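K.L.:
Sequence first, predicted model second:
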Amino acid sequence: EVQLVESGGGLVQAGGSLRLSCAASGFTLDDSAIGWFRQAPGKEREGVTCMSSSGGSTYYPDSVKGRFTISSDNAKNTVYLQMNSLKPEDTAVYYCAARRYLPTCSGSPGVMDYWGKGTLVTVSS
């Protein structure tokens, strides 16, 4: 059974950092593209960043470039999202998602095959 389980969310002050984890089971990261998405209250889910099966990474909103970093530990089958210099507008539920059947990156939530349940990140001003 394919599962993605996010952890690491919480409440942080503006300017602070958090590291989210996404533990995958039922498949290996080597064969998939893994993306982080987020959904703020009242807004649509948006792509934040993605790592392809070849290890390349893509960042979607300009607002996270230089502040967020995606990485993986294939031995642990886990993907991370390091978030620095957090801003109140980063407040959202963060989801990881896997694209297995065409393992290339996309910022579109609709093409992802599997989803975690999300972890809430709240950034206070």
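P.N.:
That came through fine.
K.L.:
Name the residue closest to the centre of the chain, please.
P.N.:
For the chain, the residue nearest the mean C-alpha position is Trp36 (2.1 Å; CA atoms, centre = their mean).
K.L.:
what about Tyr114, how many residues close to it?
P.N.:
Residues within reach of Tyr114, counting by other CB atoms under 10 Å, total 17. (Each C-beta comes from the backbone N, C-alpha and C, glycine too.)
K.L.:
what's it in contact with, if anything?
P.N.:
Tyr114 sits next to 2, 4, 97-98, 100 when contact means CB atoms under 8 Å, 6 or more residues apart in numbering.
K.L.:
Need the pLDDT of it.
P.N.:
For Tyr114, the pLDDT comes out at 96.
K.L.:
Tell me who's in contact with the closest residue to it other than its chain neighbours.
P.N.:
Spatial nearest neighbour of Tyr114, excluding adjacent residues (CB to CB, 6 or more residues apart in numbering): Ala98 at 4.5 Å. Applying CB under 8 Å, 6+ apart to Ala98 gives the contacts 2, 4, 24, 27, 32-35, 112-114.
K.L.:
re earlier: which one of the contacts of Tyr114 has the most neighbours?
P.N.:
Highest neighbour count within those, by other CB under 10 Å: Ala98, with 25 neighbours.
K.L.:
which helices and strands does the least confident helix or strand in the chain by mean pLDDT pack with?
P.N.:
Sorted by mean pLDDT, DSSP states H and E, the helices and strands of the chain end with strand 57-59, the least confident at a mean of 88. Contacts defined by 3 or more CB pairs under 8 Å, 6 or more residues apart in numbering; DSSP states H and E place strand 57-59 against strand 46-51, strand 68-73.
K.L.:
For the nearest residue to Lys117 once chain neighbours are set aside, grab phi and psi.
P.N.:
Take Lys117 and drop its neighbours on the chain: the residue closest to it by CB to CB, 6+ apart is Glu6, 7.0 Å away. For Glu6, the backbone dihedrals are phi -90, psi 150 (criterion: degrees, to the nearest 10).
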